[in-house]
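*Asks:* Predicted model and sequence follow; I will ask about them next.
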Amino acid sequence: MDLLPPIATIFLGLIMGYLGQRARMCFVGGMRDYYLVKDTYLLKGLFTFIVCALAGFILFQFVSPAIKTFPWFLDGSAVFAKKWAAMGVTASPSSLLPVPGDPITWSPKAWAHIILAILGGFGLGFFSCMAGGCPFRQHIMAAEGSKSAIVYLVGFALGAIIFHRFVAPLIKAILA
Amino acid sequence: MRMTAAIAGGIFGLLGAAGQAFFHVIPPPAYGICIACHMRDMVNWIVAHIYPIYGLKAGGAMIIPGGPVSYNFPLLTIIGILIGAVIAASVNKEFKWKVMRVWWQKPWAEFFLGILVMISALTFGGCPVRTALKAVYLDITAIIGLIMIGVGVFVGCQVLRKLT
């Protein structure tokens, strides 16, 4: 049993929690501040996140075998081809297929993944904006003592169960 | 040194890449930092071990919905973030019980917003942080998702302007 990921992520989380509280880090809040008051303090965080993560992936792929699929739209199709061979699906992988994680992960229909990305992305932006911050910011606010954010976290955990119990089978039935 | 969002964002980006490269947070790829997915993994793992019927498939095998990396033991990012933020808030004396002032951010409404945010996040597999990480991993669908988050926030801002 490999316990390195849980132990490593708890320390990653500690660093993220401390820095996030000091910097008031929030991606959705960054976009919202830019639209509403033209303030770019938080939006700079999103841009440096993108630049540093890109630099990290480009540099680390030379030292770590875990990033061998790095430019996903080029190398990801090999992952799909291997999985489909095991599942008995015959299709040629499109470069639009996403990183595994959505409810119809191994489906060969690229348009279905794009519909999910559009619906989910829009809902995520809209509801996070109404709730007053992205999920990460809500965790920080809960730790700062905001009762609204603590109740939000309860709903957040319950949402995962509702999703896997009711919404994911529905999506699979419609799109897969 | 004063911690600004720009510096914190850069550190998060490097941590997200390093989590996958050196700490085995894979599969799936681009999973180094995600709030919604790691929360989902933890909740599903706990619920499936308390009520085994939740994780059972027809054949009797235990299937825990979530990232394969969390199958044996879930990722604990959420616990780390909460502990780290509590330490930061109490060291700098910013801890205070409070409630949001506007009516749609009162606790009862935030409960339903939390459910809706989680459902939309899992619909395409990631909170805003992981969406950015996936977009950087050059996944074209995630780039569309990141643009749609911007559109969603724009529409949300128009509604906020009407409400306030």
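*Replies:* Happy to help now that I have it. Residues are numbered from 1 along each chain as shown, chains lettered A, B, ... in the order given.
*Asks:* Scan the chain for its longest helix.
*Replies:* No chain was given, so I picked chain A. helix A:110-131 (DSSP state H).
*Asks:* I was after chain B.
*Replies:* helix B:140-163.
*Asks:* quick check, it touching chain A?
*Replies:* Yes - using Cβ under 8 Å from any Cβ of the partner chain, we find that helix B:140-163 touches chain A at B:140-142, B:144-157, B:159-161. C-beta coordinates here come from the backbone N, C-alpha and C atoms, glycine included.
*Asks:* these two touch, right, A:Phe127 and B:Val117?
*Replies:* Yes - A:Phe127 is in contact with B:Val117 according to Cβ atoms under 8 Å; the separation is 4.7 Å.
*Asks:* Could you count how many residues lie near residue 161?
*Replies:* Just so you know, I chose chain A. 17 (other Cβ atoms under 10 Å in any protein chain shown).
*Asks:* right idea, wrong chain: chain B
*Replies:* Using other Cβ under 10 Å, B:Arg161 has 10 other residues around it.
*Asks:* cool, B:Gly145 as well?
*Replies:* Quick note: B:Gly145 (other Cβ under 10 Å) scores 33 neighbours.
*Asks:* Now for the residue sitting nearest the centre point of chain A: which residues touch it?
*Replies:* Most central in chain A under Cα atoms, centre = their mean is A:Gly101, positioned 8.7 Å from the mean C-alpha point. Applying Cβ atoms under 8 Å, 6 or more residues apart in numbering or on different chains to A:Gly101 gives the contacts B:Pro28, B:Tyr31, B:Cys37, B:Gly67, B:Phe124, B:Gly125, B:Gly126, B:Arg130, B:Lys134.
*Asks:* and with 6 Å instead?
*Replies:* Residues in contact with A:Gly101 (Cβ atoms under 6 Å, 6 or more residues apart in numbering or on different chains) are B:Pro28, B:Gly125.
*Asks:* can you give me the helices for chain A?
*Replies:* Going by DSSP H, chain A shows helices at A:4-23, A:27-37, A:41-60, A:72-87, A:110-131, A:135-143, A:147-162, A:168-175.
*Asks:* Least confident of those helices, on average?
*Replies:* The minimum mean pLDDT among these belongs to helix A:72-87 (a mean of 84).
*Asks:* Which residues does the longest helix of chain B contact?
*Replies:* A:28, A:31-32, A:35-36, A:73, A:96, A:98, A:113-114, A:117-118, A:121-122, A:124-126, A:129-130, B:124, B:131, B:134-135.
*Asks:* Identify the residue nearest the geometric centre of chain B.
*Replies:* The structure's chain B has its C-alpha centroid closest to B:Ile35; by Cα atoms, centre = their mean the separation is 1.8 Å.
*Asks:* Would you list the phi and psi of that residue?
*Replies:* phi -80, psi -50 (degrees, to the nearest 10).
*Asks:* any idea how far B:Trp97 is from it?
*Replies:* Using Cβ to Cβ, to the nearest Å, one gets 23 Å for the distance from B:Ile35 to B:Trp97.
*Asks:* And for B:Ser70?
*Replies:* Taking Cβ to Cβ, one finds B:Ser70 at 33 Å from B:Trp97.
*Asks:* now swap in A:Leu116 and tell me
*Replies:* Distance from A:Leu116 to B:Trp97, by Cβ to Cβ: 39 Å.
*Asks:* what about these two, which has more around it?
*Replies:* Set side by side, A:Leu116 and B:Trp97 show more neighbours around A:Leu116, with 22 against 9, by other Cβ under 10 Å.
*Asks:* Could you check the pLDDT of the nearest residue to B:Pro27 once chain neighbours are set aside?
*Replies:* For B:Pro27, ignoring the flanking residues on the chain, the nearest one in space by Cβ to Cβ, 6 or more residues apart in numbering or on different chains is B:Pro68 at 5.1 Å. Confidence at B:Pro68, expressed as pLDDT, is 81.
*Asks:* Count residues in the vicinity of B:Pro68, would you?
*Replies:* Applying other Cβ under 10 Å, I find that B:Pro68 has 13 neighbouring residues.
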